[in-house]
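[1] what would the 3D arrangement of this be:
(2 chains)
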Amino acid sequence: MASVRTRFAPSPTGYLHLGSARTALYSWAYARRHGGRFVLRIEDTDEDRSSRKAEAAVLEGLHWLGLDWDEGPFRQSERRDRYREVLEQLLADDSAYRCVCEREDLEARKQADLAAGGKGIYDGRCRNLHLGPDCGTHTVRLRVPAEGMLDFDDLVFGHSGQDASQIGDAIIQRSDGTALYNLAVVVDDLDMSITHVIRGADHHPNTPLQVAIYRALDAPLPAFAHLPLIVGESGKKLSKRRDNVSIQQFRDEGYLAEAVANWLVRLGWSHGDDEIFGLDDITRLFDLANVGRSAARAELPKLEWLDQHYIKALKGDDLFARVHPHLERVAGGSVQDTPALRKLLDLLRERSKTLVEMAELARWQLRDELDYQQKAVQKHLRPVVAPLLRDLRDGMQTLSDWSEGALQKLFDEVADAHGGLKMGKLAQPVRVAVTGGPNSPGIFETLEVVGRDRSVQRLGRAIEMAEARADAHES
RNA sequence: GUCCCCAUCGUCUAUCGGUCAGGACAUGAGCCUUUCAAGCUCAAGAGGCGGGUUCGAUUCCCGCUGGGGAUGCCA
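    Now for the predicted structure:
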(Lines give C-alpha, C1' and ligand atoms only; values in the text may rest on other atoms or scores of the structure.)
Protein backbone atom coordinates (compact mmCIF):
# COMPACT_ATOMS: atom_id res chain seq x y z
CA MET A 1 0.00 0.00 0.00
CA ALA A 2 1.13 3.49 -0.83
CA SER A 3 2.43 5.44 2.10
CA VAL A 4 -0.09 7.54 3.96
CA ARG A 5 -0.72 11.09 2.88
CA THR A 6 -3.23 13.20 4.77
CA ARG A 7 -4.10 16.83 4.45
CA PHE A 8 -5.66 19.63 6.38
CA ALA A 9 -7.64 22.00 4.22
CA PRO A 10 -8.96 24.98 6.13
CA SER A 11 -10.58 27.98 4.61
CA PRO A 12 -8.91 31.18 5.71
CA THR A 13 -11.27 32.45 8.38
CA GLY A 14 -8.98 34.70 10.38
CA TYR A 15 -8.43 32.30 13.25
CA LEU A 16 -8.07 28.57 13.75
CA HIS A 17 -11.48 27.12 14.53
CA LEU A 18 -11.72 24.64 17.39
CA GLY A 19 -13.25 21.95 15.21
CA SER A 20 -10.71 22.56 12.48
CA ALA A 21 -7.96 22.34 15.04
CA ARG A 22 -9.10 18.89 16.03
CA THR A 23 -9.37 17.82 12.42
CA ALA A 24 -5.85 19.11 11.85
CA LEU A 25 -4.61 17.31 14.95
CA TYR A 26 -6.15 14.00 13.88
CA SER A 27 -4.93 14.29 10.30
CA TRP A 28 -1.47 15.24 11.45
CA ALA A 29 -1.40 12.47 14.04
CA TYR A 30 -2.57 9.88 11.54
CA ALA A 31 0.17 10.81 9.12
CA ARG A 32 2.82 10.86 11.84
CA ARG A 33 1.63 7.61 13.34
CA HIS A 34 1.92 5.87 10.00
CA GLY A 35 5.11 7.51 8.89
CA GLY A 36 3.27 9.36 6.18
CA ARG A 37 3.16 12.95 5.05
CA PHE A 38 0.91 15.77 6.12
CA VAL A 39 -0.11 18.34 3.55
CA LEU A 40 -1.51 21.78 4.20
CA ARG A 41 -3.85 23.31 1.70
CA ILE A 42 -5.75 26.56 1.91
CA GLU A 43 -9.24 26.39 0.48
CA ASP A 44 -9.69 29.90 -0.71
CA THR A 45 -11.85 29.38 -3.77
CA ASP A 46 -14.31 31.84 -2.33
CA GLU A 47 -12.39 35.03 -2.96
CA ASP A 48 -14.79 37.24 -1.11
CA ARG A 49 -13.99 35.56 2.14
CA SER A 50 -10.28 35.07 1.74
CA SER A 51 -7.26 37.11 2.56
CA ARG A 52 -3.61 36.48 3.19
CA LYS A 53 -3.90 37.87 6.67
CA ALA A 54 -6.75 35.55 7.52
CA GLU A 55 -4.68 32.67 6.22
CA ALA A 56 -1.68 33.64 8.34
CA ALA A 57 -3.84 33.51 11.45
CA VAL A 58 -4.82 29.93 10.67
CA LEU A 59 -1.19 28.92 10.25
CA GLU A 60 -0.29 30.69 13.46
CA GLY A 61 -2.90 28.65 15.31
CA LEU A 62 -1.44 25.45 13.90
CA HIS A 63 2.07 26.44 14.92
CA TRP A 64 0.93 27.32 18.38
CA LEU A 65 -0.65 23.91 18.82
CA GLY A 66 2.62 22.33 17.79
CA LEU A 67 1.49 20.93 14.46
CA ASP A 68 3.83 21.02 11.50
CA TRP A 69 3.29 20.06 7.90
CA ASP A 70 5.48 18.48 5.28
CA GLU A 71 4.08 20.12 2.16
CA GLY A 72 2.34 23.36 1.42
CA PRO A 73 0.62 25.54 2.13
CA PHE A 74 -0.88 25.12 -1.30
CA ARG A 75 -3.65 27.48 -2.27
CA GLN A 76 -6.65 26.70 -4.39
CA SER A 77 -6.52 30.24 -5.68
CA GLU A 78 -3.23 29.33 -7.32
CA ARG A 79 -4.64 26.28 -9.02
CA ARG A 80 -7.41 27.82 -11.07
CA ASP A 81 -5.89 26.78 -14.38
CA ARG A 82 -5.78 23.22 -13.25
CA TYR A 83 -9.48 23.25 -12.34
CA ARG A 84 -10.33 24.79 -15.68
CA GLU A 85 -8.40 22.03 -17.38
CA VAL A 86 -10.36 19.38 -15.52
CA LEU A 87 -13.61 21.16 -16.24
CA GLU A 88 -12.82 21.17 -19.96
CA GLN A 89 -12.12 17.49 -19.81
CA LEU A 90 -15.40 16.75 -18.05
CA LEU A 91 -17.25 18.85 -20.56
CA ALA A 92 -15.46 17.17 -23.45
CA ASP A 93 -16.45 13.68 -22.40
CA ASP A 94 -19.97 14.77 -21.52
CA SER A 95 -19.57 14.09 -17.81
CA ALA A 96 -20.60 17.67 -17.26
CA TYR A 97 -22.72 20.16 -19.14
CA ARG A 98 -23.34 23.88 -19.38
CA CYS A 99 -26.37 25.29 -17.66
CA VAL A 100 -27.98 28.64 -18.37
CA CYS A 101 -30.66 28.52 -15.71
CA GLU A 102 -30.79 31.73 -13.77
CA ARG A 103 -30.49 31.97 -10.05
CA GLU A 104 -33.92 33.41 -9.27
CA ASP A 105 -35.63 31.05 -11.64
CA LEU A 106 -33.78 28.11 -10.13
CA GLU A 107 -34.90 29.08 -6.67
CA ALA A 108 -38.52 29.47 -7.77
CA ARG A 109 -38.53 26.06 -9.43
CA LYS A 110 -36.96 24.51 -6.37
CA GLN A 111 -39.61 25.98 -4.07
CA ALA A 112 -42.36 24.83 -6.39
CA ASP A 113 -40.92 21.33 -6.44
CA LEU A 114 -40.66 21.29 -2.67
CA ALA A 115 -44.24 22.50 -2.36
CA ALA A 116 -45.32 19.70 -4.66
CA GLY A 117 -43.61 17.19 -2.41
CA GLY A 118 -40.45 16.88 -4.48
CA LYS A 119 -36.88 16.63 -3.26
CA GLY A 120 -35.92 20.13 -4.29
CA ILE A 121 -32.99 19.04 -6.40
CA TYR A 122 -32.08 20.41 -9.81
CA ASP A 123 -34.74 19.56 -12.37
CA GLY A 124 -32.25 18.94 -15.14
CA ARG A 125 -33.63 21.51 -17.55
CA CYS A 126 -30.27 22.03 -19.28
CA ARG A 127 -29.11 18.47 -18.88
CA ASN A 128 -29.76 17.40 -22.44
CA LEU A 129 -29.49 20.70 -24.21
CA HIS A 130 -25.84 20.12 -25.08
CA LEU A 131 -25.08 23.81 -24.84
CA GLY A 132 -21.81 24.92 -26.38
CA PRO A 133 -19.29 27.46 -25.10
CA ASP A 134 -21.21 30.15 -26.95
CA CYS A 135 -24.34 29.77 -24.84
CA GLY A 136 -23.64 32.94 -22.94
CA THR A 137 -23.34 33.25 -19.18
CA HIS A 138 -23.52 29.77 -17.78
CA THR A 139 -22.51 27.49 -14.97
CA VAL A 140 -21.26 23.95 -15.38
CA ARG A 141 -23.02 21.06 -13.75
CA LEU A 142 -21.87 17.54 -13.13
CA ARG A 143 -23.98 14.97 -14.90
CA VAL A 144 -24.81 12.74 -11.93
CA PRO A 145 -26.05 9.27 -12.89
CA ALA A 146 -29.81 8.83 -12.59
CA GLU A 147 -29.44 5.77 -10.46
CA GLY A 148 -26.95 3.56 -8.73
CA MET A 149 -25.20 3.79 -5.42
CA LEU A 150 -22.65 6.52 -4.80
CA ASP A 151 -20.86 4.75 -2.02
CA PHE A 152 -17.55 4.86 -0.24
CA ASP A 153 -15.78 3.41 2.75
CA ASP A 154 -15.57 5.56 5.80
CA LEU A 155 -13.02 4.64 8.42
CA VAL A 156 -15.20 6.09 11.15
CA PHE A 157 -18.78 5.55 10.01
CA GLY A 158 -18.25 2.44 8.02
CA HIS A 159 -19.55 1.87 4.53
CA SER A 160 -21.54 4.93 3.55
CA GLY A 161 -23.31 6.33 0.57
CA GLN A 162 -26.44 7.54 -1.05
CA ASP A 163 -28.44 6.61 -4.07
CA ALA A 164 -27.53 8.77 -7.03
CA SER A 165 -31.19 9.57 -7.58
CA GLN A 166 -31.15 11.60 -4.37
CA ILE A 167 -28.57 13.97 -5.72
CA GLY A 168 -29.16 16.66 -8.25
CA ASP A 169 -26.71 17.70 -10.91
CA ALA A 170 -24.56 19.97 -8.79
CA ILE A 171 -22.88 23.09 -10.07
CA ILE A 172 -19.13 22.62 -10.19
CA GLN A 173 -18.20 25.83 -11.95
CA ARG A 174 -19.60 29.25 -11.21
CA SER A 175 -20.87 31.54 -13.91
CA ASP A 176 -17.69 33.58 -13.50
CA GLY A 177 -15.71 30.56 -14.58
CA THR A 178 -14.23 29.60 -11.22
CA ALA A 179 -14.41 26.14 -9.72
CA LEU A 180 -16.56 25.30 -6.75
CA TYR A 181 -15.38 23.58 -3.62
CA ASN A 182 -16.66 20.11 -4.43
CA LEU A 183 -14.72 19.97 -7.65
CA ALA A 184 -11.63 21.64 -6.26
CA VAL A 185 -11.26 19.26 -3.32
CA VAL A 186 -11.47 16.23 -5.50
CA VAL A 187 -8.98 17.55 -8.02
CA ASP A 188 -6.62 18.65 -5.26
CA ASP A 189 -6.83 15.45 -3.29
CA LEU A 190 -6.16 13.53 -6.47
CA ASP A 191 -3.27 15.71 -7.61
CA MET A 192 -1.76 15.69 -4.15
CA SER A 193 -2.11 11.92 -3.88
CA ILE A 194 -4.04 12.12 -0.65
CA THR A 195 -4.69 8.63 0.62
CA HIS A 196 -6.85 9.47 3.63
CA VAL A 197 -9.33 12.30 3.57
CA ILE A 198 -9.91 13.16 7.22
CA ARG A 199 -12.44 15.93 7.79
CA GLY A 200 -15.46 16.98 9.80
CA ALA A 201 -18.69 14.99 9.62
CA ASP A 202 -20.42 18.02 8.18
CA HIS A 203 -18.83 16.87 4.92
CA HIS A 204 -20.22 13.37 5.21
CA PRO A 205 -23.39 14.19 3.25
CA ASN A 206 -21.37 15.87 0.49
CA THR A 207 -19.19 12.89 -0.10
CA PRO A 208 -21.52 11.00 -2.48
CA LEU A 209 -21.38 13.95 -4.83
CA GLN A 210 -17.62 13.87 -4.63
CA VAL A 211 -17.70 10.17 -5.31
CA ALA A 212 -19.60 11.00 -8.48
CA ILE A 213 -16.82 13.39 -9.45
CA TYR A 214 -14.15 10.78 -8.79
CA ARG A 215 -16.04 8.41 -11.03
CA ALA A 216 -16.48 10.98 -13.75
CA LEU A 217 -12.75 11.46 -13.60
CA ASP A 218 -12.28 7.71 -13.62
CA ALA A 219 -10.13 8.07 -10.54
CA PRO A 220 -9.77 5.77 -7.52
CA LEU A 221 -11.33 6.84 -4.23
CA PRO A 222 -9.17 7.73 -1.25
CA ALA A 223 -10.13 6.39 2.17
CA PHE A 224 -12.49 8.75 3.94
CA ALA A 225 -12.72 9.37 7.67
CA HIS A 226 -15.37 11.77 8.85
CA LEU A 227 -14.97 13.02 12.37
CA PRO A 228 -18.10 13.52 14.45
CA LEU A 229 -18.80 17.13 15.11
CA ILE A 230 -17.72 18.99 18.19
CA VAL A 231 -20.78 20.74 19.52
CA GLY A 232 -21.20 23.56 21.98
CA GLU A 233 -23.07 23.68 25.27
CA SER A 234 -26.21 24.01 23.19
CA GLY A 235 -25.67 20.60 21.65
CA LYS A 236 -25.52 22.23 18.24
CA LYS A 237 -22.65 22.77 15.87
CA LEU A 238 -20.20 25.27 17.32
CA SER A 239 -21.09 28.79 16.41
CA LYS A 240 -18.98 31.86 16.55
CA ARG A 241 -21.83 33.68 18.23
CA ARG A 242 -22.50 31.28 21.04
CA ASP A 243 -19.23 29.52 21.63
CA ASN A 244 -15.57 30.21 21.90
CA VAL A 245 -14.40 28.66 18.66
CA SER A 246 -11.07 30.37 18.22
CA ILE A 247 -7.91 28.56 19.22
CA GLN A 248 -6.22 31.91 19.60
CA GLN A 249 -8.80 32.94 22.11
CA PHE A 250 -8.07 29.88 24.23
CA ARG A 251 -4.42 30.84 24.07
CA ASP A 252 -5.19 34.39 25.14
CA GLU A 253 -7.29 33.12 28.01
CA GLY A 254 -4.22 31.40 29.37
CA TYR A 255 -4.63 27.83 28.22
CA LEU A 256 -1.50 25.90 27.35
CA ALA A 257 -1.19 24.46 23.86
CA GLU A 258 -0.54 21.00 25.27
CA ALA A 259 -3.72 21.20 27.35
CA VAL A 260 -5.80 22.27 24.38
CA ALA A 261 -4.32 19.50 22.23
CA ASN A 262 -4.92 16.92 24.95
CA TRP A 263 -8.49 18.14 25.40
CA LEU A 264 -9.16 18.03 21.68
CA VAL A 265 -7.68 14.63 21.12
CA ARG A 266 -9.99 13.17 23.75
CA LEU A 267 -13.02 14.85 22.25
CA GLY A 268 -13.91 11.96 19.99
CA TRP A 269 -11.03 9.61 20.42
CA SER A 270 -9.99 7.34 23.25
CA HIS A 271 -7.28 4.94 24.20
CA GLY A 272 -8.68 2.75 26.94
CA ASP A 273 -8.90 4.60 30.23
CA ASP A 274 -6.02 6.93 29.48
CA GLU A 275 -6.54 10.65 29.79
CA ILE A 276 -3.16 12.31 29.50
CA PHE A 277 -1.68 12.55 26.04
CA GLY A 278 1.23 14.68 24.99
CA LEU A 279 1.79 15.33 21.29
CA ASP A 280 4.35 12.54 21.24
CA ASP A 281 1.88 10.10 22.81
CA ILE A 282 -0.65 11.12 20.21
CA THR A 283 1.66 10.42 17.30
CA ARG A 284 2.45 7.08 18.86
CA LEU A 285 -1.07 5.95 19.76
CA PHE A 286 -3.61 7.74 17.62
CA ASP A 287 -5.73 5.66 15.36
CA LEU A 288 -8.90 6.23 13.42
CA ALA A 289 -10.26 2.91 14.65
CA ASN A 290 -10.81 4.40 18.08
CA VAL A 291 -12.63 7.49 16.93
CA GLY A 292 -16.23 7.51 18.12
CA ARG A 293 -19.27 8.22 16.01
CA SER A 294 -21.31 10.59 18.11
CA ALA A 295 -20.84 14.31 18.52
CA ALA A 296 -18.82 15.50 21.50
CA ARG A 297 -19.77 18.45 23.63
CA ALA A 298 -16.93 20.84 24.28
CA GLU A 299 -17.09 21.73 27.95
CA LEU A 300 -14.50 23.74 29.78
CA PRO A 301 -14.05 21.93 33.14
CA LYS A 302 -12.04 19.12 31.60
CA LEU A 303 -9.87 21.62 29.73
CA GLU A 304 -9.27 23.51 32.97
CA TRP A 305 -8.24 20.37 34.75
CA LEU A 306 -5.85 19.47 31.93
CA ASP A 307 -4.48 22.98 31.87
CA GLN A 308 -3.74 22.89 35.55
CA HIS A 309 -2.20 19.48 35.10
CA TYR A 310 0.23 20.82 32.51
CA ILE A 311 0.83 24.05 34.40
CA LYS A 312 1.86 22.04 37.43
CA ALA A 313 4.56 20.43 35.35
CA LEU A 314 5.89 23.71 34.02
CA LYS A 315 8.98 25.16 35.59
CA GLY A 316 11.83 27.60 35.41
CA ASP A 317 12.42 29.56 32.24
CA ASP A 318 9.59 27.85 30.40
CA LEU A 319 7.05 28.75 33.05
CA PHE A 320 8.32 32.29 33.25
CA ALA A 321 8.29 32.81 29.50
CA ARG A 322 4.75 31.53 29.15
CA VAL A 323 3.15 33.59 31.91
CA HIS A 324 5.19 36.67 31.22
CA PRO A 325 2.76 38.38 28.83
CA HIS A 326 -0.05 37.79 31.28
CA LEU A 327 2.03 39.12 34.15
CA GLU A 328 2.69 42.32 32.25
CA ARG A 329 -0.96 42.75 31.58
CA VAL A 330 -1.74 42.50 35.29
CA ALA A 331 1.20 44.70 36.22
CA GLY A 332 0.25 47.26 33.63
CA GLY A 333 3.87 47.59 32.61
CA SER A 334 7.04 45.64 32.15
CA VAL A 335 7.80 42.87 34.58
CA GLN A 336 11.34 41.99 35.58
CA ASP A 337 12.62 38.51 36.14
CA THR A 338 13.54 38.24 39.83
CA PRO A 339 14.20 35.31 42.14
CA ALA A 340 11.24 36.32 44.28
CA LEU A 341 8.89 36.32 41.29
CA ARG A 342 10.24 32.98 40.15
CA LYS A 343 9.56 31.57 43.57
CA LEU A 344 6.04 32.93 43.57
CA LEU A 345 5.26 31.48 40.16
CA ASP A 346 6.48 28.16 41.36
CA LEU A 347 4.14 28.36 44.34
CA LEU A 348 1.26 29.38 42.12
CA ARG A 349 1.54 26.45 39.75
CA GLU A 350 -0.75 24.14 41.62
CA ARG A 351 -3.15 26.97 42.37
CA SER A 352 -3.81 28.04 38.81
CA LYS A 353 -6.17 26.64 36.24
CA THR A 354 -4.87 28.99 33.57
CA LEU A 355 -1.92 31.29 33.06
CA VAL A 356 -4.29 34.21 33.30
CA GLU A 357 -5.41 33.03 36.71
CA MET A 358 -1.79 32.59 37.73
CA ALA A 359 -1.01 36.17 36.78
CA GLU A 360 -4.03 37.38 38.71
CA LEU A 361 -2.92 35.45 41.76
CA ALA A 362 0.44 37.21 41.54
CA ARG A 363 -1.15 40.65 41.54
CA TRP A 364 0.08 41.58 45.03
CA GLN A 365 3.60 40.93 43.92
CA LEU A 366 3.31 42.75 40.62
CA ARG A 367 1.83 45.99 41.88
CA ASP A 368 3.03 48.00 44.83
CA GLU A 369 -0.43 49.31 45.51
CA LEU A 370 -2.60 46.58 47.03
CA ASP A 371 -6.22 45.91 46.13
CA TYR A 372 -7.76 45.29 49.52
CA GLN A 373 -10.72 42.94 49.62
CA GLN A 374 -13.16 44.64 51.93
CA LYS A 375 -14.62 41.45 53.34
CA ALA A 376 -11.19 40.17 54.30
CA VAL A 377 -10.20 43.48 55.81
CA GLN A 378 -13.39 43.55 57.88
CA LYS A 379 -12.79 40.09 59.15
CA HIS A 380 -9.06 40.07 59.80
CA LEU A 381 -7.79 43.59 60.32
CA ARG A 382 -9.71 44.34 63.49
CA PRO A 383 -8.45 46.61 66.25
CA VAL A 384 -7.43 43.68 68.45
CA VAL A 385 -4.84 42.49 65.96
CA ALA A 386 -2.97 45.78 65.84
CA PRO A 387 -0.67 44.86 68.75
CA LEU A 388 0.11 41.51 67.15
CA LEU A 389 0.96 43.09 63.84
CA ARG A 390 3.03 45.69 65.63
CA ASP A 391 5.13 43.04 67.38
CA LEU A 392 5.50 41.13 64.15
CA ARG A 393 6.57 44.22 62.26
CA ASP A 394 9.06 45.20 64.88
CA GLY A 395 10.47 41.72 64.91
CA MET A 396 10.78 41.70 61.13
CA GLN A 397 12.76 44.88 61.12
CA THR A 398 15.46 43.32 63.22
CA LEU A 399 15.30 39.84 61.79
CA SER A 400 18.79 38.68 60.99
CA ASP A 401 17.80 36.68 58.01
CA TRP A 402 14.73 37.00 55.77
CA SER A 403 13.85 33.37 55.32
CA GLU A 404 10.91 31.11 55.90
CA GLY A 405 12.66 29.52 58.86
CA ALA A 406 13.46 32.80 60.57
CA LEU A 407 9.95 34.09 59.94
CA GLN A 408 8.44 30.96 61.38
CA LYS A 409 10.52 31.43 64.51
CA LEU A 410 9.43 35.03 64.81
CA PHE A 411 5.76 34.05 64.48
CA ASP A 412 6.18 31.39 67.15
CA GLU A 413 7.69 33.90 69.53
CA VAL A 414 4.98 36.47 68.99
CA ALA A 415 2.30 33.82 69.36
CA ASP A 416 3.81 32.72 72.68
CA ALA A 417 4.09 36.29 73.88
CA HIS A 418 0.39 36.70 73.30
CA GLY A 419 -0.69 33.71 75.26
CA GLY A 420 -0.07 30.86 72.85
CA LEU A 421 -2.14 32.06 69.94
CA LYS A 422 -2.99 29.64 67.19
CA MET A 423 -1.08 30.16 63.99
CA GLY A 424 -4.25 30.96 62.11
CA LYS A 425 -4.89 33.96 64.34
CA LEU A 426 -1.60 35.39 63.24
CA ALA A 427 -1.37 34.21 59.67
CA GLN A 428 -4.66 35.51 58.36
CA PRO A 429 -4.25 39.13 59.45
CA VAL A 430 -0.74 39.14 58.06
CA ARG A 431 -1.92 37.59 54.82
CA VAL A 432 -4.52 40.26 54.36
CA ALA A 433 -1.95 42.89 55.30
CA VAL A 434 0.60 41.83 52.69
CA THR A 435 -1.61 40.56 49.88
CA GLY A 436 -4.84 42.44 50.42
CA GLY A 437 -6.84 39.21 50.46
CA PRO A 438 -7.46 36.04 52.48
CA ASN A 439 -5.84 33.59 50.08
CA SER A 440 -2.23 33.08 49.16
CA PRO A 441 0.49 30.46 49.41
CA GLY A 442 1.89 29.63 52.87
CA ILE A 443 2.32 32.78 54.92
CA PHE A 444 6.07 32.40 55.40
CA GLU A 445 6.60 31.75 51.72
CA THR A 446 4.39 34.69 50.92
CA LEU A 447 6.35 37.00 53.18
CA GLU A 448 9.61 35.81 51.77
CA VAL A 449 8.39 36.67 48.30
CA VAL A 450 7.03 40.06 49.30
CA GLY A 451 10.37 40.94 50.85
CA ARG A 452 11.30 42.67 54.08
CA ASP A 453 10.83 46.28 53.08
CA ARG A 454 7.45 45.85 51.50
CA SER A 455 6.28 43.51 54.27
CA VAL A 456 7.17 46.02 56.95
CA GLN A 457 5.55 48.78 54.97
CA ARG A 458 2.36 46.83 54.28
CA LEU A 459 2.13 45.74 57.91
CA GLY A 460 2.41 49.39 58.88
CA ARG A 461 -0.46 50.25 56.62
CA ALA A 462 -2.53 47.39 58.04
CA ILE A 463 -1.86 48.54 61.59
CA GLU A 464 -3.15 51.97 60.66
CA MET A 465 -6.24 50.46 59.13
CA ALA A 466 -6.92 48.34 62.19
CA GLU A 467 -6.36 51.22 64.59
CA ALA A 468 -8.48 53.55 62.54
CA ARG A 469 -11.37 51.22 63.14
CA ALA A 470 -10.71 51.29 66.88
CA ASP A 471 -10.92 55.09 66.76
CA ALA A 472 -14.09 54.90 64.78
CA HIS A 473 -15.62 52.72 67.47
CA GLU A 474 -14.66 55.09 70.27
CA SER A 475 -16.08 58.19 68.66
C1' G B 1 -40.06 18.66 3.27
C1' U B 2 -36.06 15.17 1.50
C1' C B 3 -31.45 12.65 2.37
C1' C B 4 -27.64 11.14 5.80
C1' C B 5 -25.89 10.23 10.67
C1' C B 6 -25.96 9.56 15.99
C1' A B 7 -27.90 7.51 20.92
C1' U B 8 -23.71 4.30 28.10
C1' C B 9 -23.38 8.58 34.53
C1' G B 10 -24.36 16.16 34.11
C1' U B 11 -19.79 15.96 30.48
C1' C B 12 -15.72 13.11 27.75
C1' U B 13 -15.53 8.01 27.27
C1' A B 14 -14.27 2.09 28.11
C1' U B 15 -16.99 -2.31 26.85
C1' C B 16 -16.00 -5.18 20.52
C1' G B 17 -22.91 -11.29 23.58
C1' G B 18 -21.86 -13.41 29.69
C1' U B 19 -18.50 -7.32 33.61
C1' C B 20 -20.74 -5.88 40.75
C1' A B 21 -21.32 -1.68 33.22
C1' G B 22 -14.85 0.54 34.25
C1' G B 23 -12.05 5.35 34.10
C1' A B 24 -11.67 10.75 33.92
C1' C B 25 -13.77 15.76 34.69
C1' A B 26 -17.48 18.08 37.42
C1' U B 27 -20.47 17.39 42.13
C1' G B 28 -21.00 15.97 47.62
C1' A B 29 -18.52 14.29 52.22
C1' G B 30 -14.12 13.42 54.97
C1' C B 31 -8.73 13.60 55.93
C1' C B 32 -4.64 17.02 55.75
C1' U B 33 -4.07 22.24 57.11
C1' U B 34 -1.92 29.15 58.92
C1' U B 35 -5.82 30.66 54.18
C1' C B 36 -6.43 29.04 49.10
C1' A B 37 -4.98 25.23 46.41
C1' A B 38 -2.73 20.56 45.64
C1' G B 39 -2.93 15.58 47.45
C1' C B 40 -5.46 11.28 49.59
C1' U B 41 -10.12 8.49 50.91
C1' C B 42 -15.17 7.72 50.31
C1' A B 43 -20.06 8.71 48.09
C1' A B 44 -23.71 9.61 44.53
C1' G B 45 -24.41 9.14 39.34
C1' A B 46 -25.68 5.82 32.93
C1' G B 47 -27.22 1.74 28.78
C1' G B 48 -34.15 6.64 25.62
C1' C B 49 -38.69 3.33 24.50
C1' G B 50 -40.87 -1.08 22.12
C1' G B 51 -40.21 -5.39 19.49
C1' G B 52 -37.25 -9.32 17.83
C1' U B 53 -32.45 -12.87 17.36
C1' U B 54 -30.03 -15.73 21.33
C1' C B 55 -29.35 -20.15 26.73
C1' G B 56 -27.97 -14.89 27.54
C1' A B 57 -28.27 -8.48 25.27
C1' U B 58 -25.60 -1.96 26.55
C1' U B 59 -23.46 -4.91 22.63
C1' C B 60 -26.71 -7.83 16.63
C1' C B 61 -31.56 -6.64 13.63
C1' C B 62 -36.26 -3.71 13.04
C1' G B 63 -39.55 0.22 14.51
C1' C B 64 -40.39 4.51 17.44
C1' U B 65 -38.73 8.69 20.00
C1' G B 66 -35.08 12.22 20.69
C1' G B 67 -30.83 14.87 18.88
C1' G B 68 -27.60 16.43 15.02
C1' G B 69 -25.85 17.28 10.04
C1' A B 70 -26.68 18.14 4.78
C1' U B 71 -29.79 20.04 1.42
C1' G B 72 -25.66 27.16 -1.72
C1' C B 73 -23.17 29.84 -8.34
C1' C B 74 -19.99 28.77 0.88
C1' A B 75 -16.17 25.67 2.44
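[2] okay, the spatially most central residue of chain A: pLDDT?
    Nearest to the mean C-alpha position of chain A, counting by C-alpha atoms, centre = their mean, stands residue A:247 at 3.0 Å. Confidence per residue is given as pLDDT, and for residue A:247 that number is 96.
[3] do residue A:153 as well
    What the model reports for residue A:153 is a pLDDT of 94.
[4] where exactly do the strands run in the stretch 1-150 of chain A?
    Secondary structure of the stretch 1-150 of chain A (DSSP state E, counting those that start in this stretch): strands at A:5-8, A:37-42, A:71-75, A:96-99, A:139-142, A:149-154.
[5] isn't the residue nearest to the centre of chain A up against residue A:14?
    No. Because the distance of 11.6 Å does not satisfy C-beta atoms under 8 Å, residue A:247 is recorded as not touching residue A:14. C-betas here are computed from N, CA, C, even on glycine.
[6] contacts for stretch A:368-379 next, please.
    Contacts of stretch A:368-379 with the rest of the structure, by C-beta atoms under 8 Å, 6 or more residues apart in numbering, involve A:363-364, A:428, A:432, A:435-438, A:454, A:458, A:461, A:465.
[7] and stretch A:368-387, what's buried?
    Using 16 or more other C-beta atoms under 10 Å as the test for burial, stretch A:368-387 gives A:370, A:372-373, A:376-377, A:380-381, A:383, A:385-386.
[8] determine which two of the residues you listed are furthest apart.
    A:370 and A:383 (20.0 Å; C-beta to C-beta).
[9] would you mind listing what in the stretch 1-150 of chain A touches RNA strand B?
    Residues of the stretch 1-150 of chain A found near RNA strand B (C-beta under 7 Å from any atom of the strand) are A:9-11, A:43-46, A:49, A:76, A:101-103, A:106, A:110, A:114, A:117, A:119-121, A:139.
[10] what is the burial count for residue A:155?
    Neighbour count of residue A:155, defined by other C-beta atoms under 10 Å: 17.
[11] roughly how far apart are the closest residue to RNA strand B within the stretch 1-150 of chain A and residue A:141?
    With distances taken as C-beta to the nearest atom of the strand, the stretch 1-150 of chain A approaches RNA strand B most closely at residue A:43, which sits 2.6 Å away. Summarising the geometry, the distance separating residue A:43 from residue A:141, computed by C-beta to C-beta, to the nearest Å, is 21 Å.
[12] neighbour count for these two, which is higher?
    The residue with the greater number of neighbours, taking residue A:43 and residue A:141 and applying other C-beta under 10 Å, is residue A:141; the counts read 22 against 18.
[13] show me what that one is bridged to.
    With DSSP bridges as the criterion, residue A:141 is bridged to residue A:97, residue A:171.
[14] residues contacting it?
    Under the criterion of C-beta under 8 Å, 6+ apart, the contact partners of residue A:141 comprise A:96-99, A:122, A:126-127, A:169-172.
[15] what's the local residue count around residue A:361?
    When neighbours are counted by other C-beta under 10 Å, residue A:361 registers 21.
[16] what sits closest to it if chain neighbours are left out?
    The shortest distance from residue A:361 to any residue other than its chain neighbours is 5.2 Å, reached at residue A:348 (C-beta to C-beta, 6 or more residues apart in numbering).
[17] run through who's touching the longest helix anywhere in chain A.
    Among the segments of chain A that qualify as a helix by DSSP state H, the longest is helix A:452-474. Identification of contacts with helix A:452-474 by C-beta under 8 Å, 6+ apart yields A:368, A:370, A:377, A:381-383, A:385-386, A:389-390, A:392-393, A:396-397, A:399, A:402, A:429-430, A:432-434, A:447, A:450.
[18] quick one: secondary structure of the residue nearest to residue A:151 when sequence neighbours are not counted?
    Leaving aside its chain neighbours, residue A:151 sits nearest to residue A:161 (2.8 Å; criterion: C-beta to C-beta, 6+ apart). Of the three states, residue A:161 takes strand under DSSP: H, G, I helix; E, B strand; the rest coil.
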